[in-house]
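*Asks:* fold the following.
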Amino acid sequence: MELEFNGDVIEWRGPAPFHYLVVPDDESDDISAVKQEFTYGWGVIPVTCTTGDTTWTTSLFPKDGRYLVPLKDAVRRDAGIEVGDRLSVRMRLGRD
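*Replies:* Model (predicted):
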């Protein structure tokens, strides 16, 4: 399954700051409808994401009825991503 959407970059402060891209409601609903096909436990779903020329693999986290895409520091640096940015993303669920 592939999705394209625009999402906001947020920061969550836990023991260390973490950065996420918020998957919008409609796309989160689409993912929820097929999550059992892709999850490998705890509701976590492997994905490959692309924004601009930057592609990375990670796993979606369910949070408050939506999904969050973790943004690794290396990904943020390579793509020049900052908290508050709105990104255009293409995302493929599952692993190759």
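
*Asks:* what segments of this structure are helices?
*Replies:* Per DSSP state H, the chain carries helices over the ranges 25-38, 73-79.

*Asks:* tell me the bridge partners for the residue nearest the centre of the chain.
*Replies:* The centre of the chain sits closest to residue 69, judged by CA atoms, centre = their mean, with a distance of 2.0 Å. Per DSSP bridges, the residues bridged to residue 69 are residue 21.

*Asks:* and residue 66, how many neighbours?
*Replies:* Applying other CB atoms under 10 Å, we find 18 other residues in the vicinity of residue 66. (C-beta placed from N, C-alpha, C; glycine too.)

*Asks:* distance of it from residue 3?
*Replies:* Distance of residue 66 to residue 3, computed by CB to CB, to the nearest Å: 13 Å.

*Asks:* from what I see, residue 22 and residue 65 are in contact.
*Replies:* No - using CB atoms under 8 Å, residue 22 is not in contact with residue 65; the gap is 11.3 Å.
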